[in-house]
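Undergrad: Show me how the following folds:
(chains A and B)
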Amino acid sequence: MKSPLIQSLINRIQDRFSQAKSTARNTEAVVRPLPEETRTQIVQRLDQLPLPKPCLEAVRQTCSDAIARWQTSLEAANSLVILTEPVVPLNDILLQSLAELESDTLHIHHPLKTYQRPYDPLQISASLSEALDGVVPAEQGAADTPATLEQRQHVVVISALEQCFLRCIQGWESIEHLQKQVVHRQSCFWIIGCSSWAWAFLERVCRTSTYLEQVSPLPKLTDEELRDWLASLVKEAIFLNDSRDISAAKAGDRQSYWSALANLSEGRSTIAAQLWLHSLGIQAADLPDDESASLAPEDLSLCLRKPVLPSLPKLDQTDRYLLQSLLIHGSLTQAHLTLSLGEAETQVRSRLQILRREGVVRHDRDRITLNPGHLPRLRNELSNNNFLVGEEVS
Amino acid sequence: MMDGSRIWLMASSLLSQRNDSAQSLKELFEDITAPRLMRGVLSILLAYGLTWLVIRFTTWLSEKVPRRFRLFIKQAVPFLKGIILIVVASYLIQLFVDLSATNLIALTGTVAVALGFAFKDYVSSIIAGVVTLFEGSVRMGDRVKIGDYYGELVDYGLRGMRLLTPDDSTITIPHSAVWTEAISSANSGRLEAQVITNLYFSHQVDVETVTEILYQAAYSSRFTQLKLPVAVLIDAKPWGTEFKLKSYPMDARDEFVYKTDLIRRTKQTCDRLQISYPDIKLPLAAD
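TA: Sure, this is the predicted structure:
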């Protein structure tokens, strides 16, 4: 991983150049932002986009190999932790990729598929126990022998470990309970999805890696993989190297665009999708005279400007504490966020309102999450301010 | 009894010596002309302005940059001020003094006598300031305790340093205090400083439970620097059990809000778990 300072400088220089170039008069004259309706349609399509296949295949392969080792060796670890960034939908990735591993001899259990932290953090441990006891087969008590290897048929999936605790006093007793379960129930294989931020925190407070020793990062998507994933959304796009005007755009710009996108998004689909959306524009000539006219994306020739990371608004210390907490837990209700910060609810509510207005966080029903496009810059910002951050997973 | 010729010779010799020293003093200093005087005054004003600018700019910048760079910028201030001072002093000496080898010896003696008698304390402070700067026992931005005073070191001048106390007062302490006073620096140039939070419970409490609560209070505080260790120490007192929670906030400036956060959340949990506090009967004040 590059040092946060170097990464921050690189981002700044890249932005400086791309922003300066973006304002080049020629490009500005011919490329306009997408009409709101067209943009909404593209956002809807993005939401419906299937998960990137390379991610699903990589997770399936990693899990399959780890399960095979556990089924054939008494010494093999009975758990596997998949680490990724807090903005990646690991829950869905695990659900889809492991579905294909299900067979007569391998039963996949998702005891926390629809799990949400109870309002009272002291109830997390009890609710987790209840959920696990319902599906996880009880331990026989007999010592493991080569003969018992055949009975290793159950896989328990906990797709979001960050949802199983809250940063407050007695808030991670559930994790300690889970650690004991993993150690005691050797006849089950445990696949645990976790964000790198939650992992870094849990490692400090309850030495998680001592119990969950096998850790594998979710692989990053390459520029080609991102291109294949996103290209289906629009019929045709003109790739603009912003230093030239639209008539000079070449096919060679295509490669540099996807490389820049993969680099800035750190190979994460959700971040890449945000940057891609942000880079979309439309030729001024294609805009109808009637602004209210409906424009379907497939009827348009869209332009892709050089992707840039969105700038963070000016953050104060309270915002940084709030965002760190949000990143540790992935998503939180306002009540849980208040508890995890140990601050007055009015204070948290007002800061949240500002951050939401600035587009840094967003509300999904009653849950608050980070806008994925802000993650790379925010990691640098927090790291430079001496916060414990999740390492960039690679 | 001396004869007249001897007296005449001695008088002549004394007069000649006095003429020599007046002559050598005249040779020591350059002619003080109006343009030269003007340049001297201008250079002093320039130095003053530059020093003011350095302090203002570094203070502003250190509060704008991410906090991991804050102390680095603040610690540069004494050196920048020192450079300005040395350059201006050298220029003034070169402007007004003819520094030949003989003059240098004469000047050193004169200056030594002047300093020895008139500016002893001032010079002692300056030397102590320079020594402290290079020893690094305290640095700009540190949380230090000198004598009875505790606070953040916010300015490092020629004669003394300024502490900003927790109640927002500024205390100026002469550098010469380092010769006699014990100096304690909580963070020694780092962003984090250990904070010790004392909590008291009755003898009946389960120390394991309380220790665990204290650990969790520190680990779950938004201010805690999790990269640094947390420790709980226990001591038995006649009236109860004393728990010392040792932990580090991410920024030493948050020391007091951090301590408040730890105590508040620990007490909330202890109240919920009905953990008892020492039952101390305070003696009634005499009427």
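Undergrad: list the buried ones in the helix or strand encompassing B:Tyr258?
TA: Here B:Tyr258 sits within helix B:255-272, counting by DSSP states H and E. Neighbour-count burial for helix B:255-272, counted by 16 or more other Cβ atoms under 10 Å in any protein chain shown, picks out B:Glu255, B:Tyr258, B:Lys259, B:Asp261, B:Leu262, B:Arg265, B:Thr266, B:Thr269, B:Cys270. No exception for glycine: its C-beta is placed from N, CA and C like everyone else's.
Undergrad: which other helices and strands contact it?
TA: Helix B:255-272 makes packing contacts with strand B:195-201, helix B:207-220, strand B:240-247 when contacts are defined by 3 or more Cβ pairs under 8 Å, 6 or more residues apart in numbering or on different chains; DSSP states H and E.
Undergrad: Tell me which of these approaches chain A most closely.
TA: Proximity to chain A (Cβ to the nearest Cβ) singles out helix B:207-220 among the helices and strands packed on helix B:255-272, at 4.4 Å.
Undergrad: Next, the angle from the next helix-or-strand element following that closest one to strand B:195-201.
TA: As assigned by DSSP H and E, the chain's next helix or strand after helix B:207-220 is strand B:231-237. Angle, strand B:231-237 to strand B:195-201, by axes from the mean of the first three to the mean of the last three Cα atoms, to 10 degrees: 40 degrees.
Undergrad: Paired strands for strand B:231-237, with orientation please.
TA: strand B:240-247 (antiparallel) (DSSP bridges).
Undergrad: On the C-terminal side of the helix or strand A:Ala262 falls within, identify the next helix or strand.
TA: Using DSSP H and E, A:Ala262 sits within helix A:252-264. With elements assigned by DSSP H and E, the helix or strand that comes after helix A:252-264 is helix A:269-279.
Undergrad: Quick check: mean pLDDT of that next one?
TA: The predicted model assigns helix A:269-279 a mean pLDDT of 92.
Undergrad: cool, and stretch B:257-269?
TA: On average, stretch B:257-269 scores 96.
Undergrad: Closest residue of chain A to chain B?
TA: Closest residue of chain A to chain B, Cβ to the nearest Cβ: A:Asn384 (3.3 Å).
Undergrad: give me every residue that touches the nearest residue to that residue once chain neighbours are set aside.
TA: In this structure, A:Asn384 finds its nearest non-sequential neighbour in B:Pro66, 3.3 Å apart by Cβ to Cβ, 6 or more residues apart in numbering or on different chains. In this structure, B:Pro66 makes contact with A:Glu381, A:Asn384, A:Asn385, judged by Cβ atoms under 8 Å, 6 or more residues apart in numbering or on different chains.
Undergrad: how about the helices of chain B, start to end?
TA: For chain B, applying DSSP state H gives helices covering B:4-28, B:34-64, B:70-96, B:101-117, B:120-135, B:177-180, B:207-220, B:255-272.
Undergrad: Please name whichever of these is nearest to A:Thr105.
TA: Nearest of the helices of chain B to A:Thr105, taken as Cβ to Cβ: helix B:207-220 at 41.8 Å.
Undergrad: how far off strand B:231-237 does the closest one point, in degrees?
TA: Calculated by the same axes, to 10 degrees, helix B:207-220 forms an angle of 140 degrees with strand B:231-237.
Undergrad: quick one: helix B:207-220 near chain A?
TA: Yes. Contact between helix B:207-220 and chain A, assessed by Cβ under 8 Å from any Cβ of the partner chain, occurs at B:Ile213, B:Gln216, B:Ala217, B:Tyr219, B:Ser220.
Undergrad: any idea which residue sits dead centre in the chain?
TA: Defaulting to chain A. Computing the C-alpha centroid of chain A and ranking residues by Cα atoms, centre = their mean puts A:Val88 first, at 1.6 Å.
Undergrad: so what's it up against?
TA: A:Ser195, A:Leu218, A:Arg268, A:Ser269, A:Thr270.
Undergrad: residues making contact with the strand or helix carrying A:Ser325?
TA: Using DSSP H and E, A:Ser325 sits in helix A:317-329. Residues from elsewhere that reach helix A:317-329 (Cβ under 8 Å, 6+ apart): A:86, A:162-163, A:166-167, A:195, A:197-198, A:201, A:315, A:332, A:336-337, A:340-341, A:343, A:347-348, A:351-352, A:354-355, A:360-361, A:368-370, A:375, A:378, A:381-382, A:385, A:387-390, B:222-223.
Undergrad: which among these end up buried?
TA: Listed as buried from those are A:86, A:162-163, A:166-167, A:195, A:197-198, A:201, A:315, A:332, A:336-337, A:340-341, A:343, A:348, A:351-352, A:355, A:360-361, A:368-370, A:375, A:378, A:381-382, A:385, A:387-390, B:222-223; burial here means 16+ other Cβ under 10 Å.
Undergrad: re the thing from before, can you report how many residues neighbour the residue of chain A closest to chain B?
TA: 19 (other Cβ atoms under 10 Å in any protein chain shown).
Undergrad: what's the most buried one of the helices of chain B?
TA: Comparing the helices of chain B by mean neighbour count (mean count of other Cβ atoms under 10 Å in any protein chain shown), helix B:207-220 ranks first with a mean of 20.
Undergrad: Summarise which helices and strands that one is packed against.
TA: Under the contact definition 3+ Cβ pairs under 8 Å, 6+ apart, helix B:207-220 sits against helix A:196-206, strand B:195-201, strand B:231-237, strand B:240-247, helix B:255-272.
Undergrad: rewinding a little: in helices, which of the contacts of B:Pro66 appear?
TA: Mapping those onto helices (DSSP H) picks out A:Glu381, A:Asn384.
Undergrad: looking only at pLDDT, what's the mean for stretch A:81-93?
TA: Averaging pLDDT along stretch A:81-93 yields 93.
Undergrad: returning to that earlier point: output the helices and strands packed on helix B:255-272 as TSV; include the columns distance to B:Ile234 and mean pLDDT.
TA: Listed next are those as TSV, based on distance: least, Cβ to Cβ, whole Å; pLDDT from 0 to 100:
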stretch	distance to B:Ile234	mean pLDDT
strand B:195-201	10	95
helix B:207-220	6	96
strand B:240-247	6	96
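Undergrad: can I get the buried residues of helix B:255-272 in a markdown table with distance to B:Ser247?
TA: Shown next, in a markdown table, are the buried residues of helix B:255-272 (distance: Cβ to Cβ, whole Å):
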| residue | distance to B:Ser247 |
| --- | --- |
| B:Glu255 | 11 |
| B:Tyr258 | 8 |
| B:Lys259 | 10 |
| B:Asp261 | 11 |
| B:Leu262 | 7 |
| B:Arg265 | 13 |
| B:Thr266 | 12 |
| B:Thr269 | 16 |
| B:Cys270 | 17 |
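Undergrad: my read: A:Ser79 touches A:Val182, true?
TA: Yes. Applying Cβ atoms under 8 Å as the test, A:Ser79 and A:Val182 come out as touching, 5.1 Å apart.
Undergrad: Which neighbours do those two have in common?
TA: Here A:Ser79 and A:Val182 have A:Trp190, A:Tyr211, A:Leu212 as joint contacts, going by Cβ under 8 Å, 6+ apart.
Undergrad: ok, how many other residues are close to the last one?
TA: Around A:Leu212 there are 25 other residues, counting by other Cβ under 10 Å.
Undergrad: hang on, the earlier thing: what's the angle from the helix holding A:Ala262 to helix A:269-279?
TA: For helix A:252-264 against helix A:269-279, the angle by the same axes, to 10 degrees is 130 degrees.
Undergrad: Which strands and helices lie in contact with helix A:252-264?
TA: When contacts are defined as 3+ Cβ pairs under 8 Å, 6+ apart, helix A:252-264 packs onto helix A:223-231, strand A:237-239, helix A:269-279.
Undergrad: Of all those, which one comes closest to B:Ser125?
TA: Taking Cβ to Cβ, helix A:269-279 is the member of the helices and strands packed on helix A:252-264 nearest to B:Ser125, at 56.3 Å.
Undergrad: how distant is the closest one from the center of its chain?
TA: On the basis of Cα atoms, centre = their mean, to the nearest Å, helix A:269-279 is displaced by 13 Å from the centre of the chain it belongs to.
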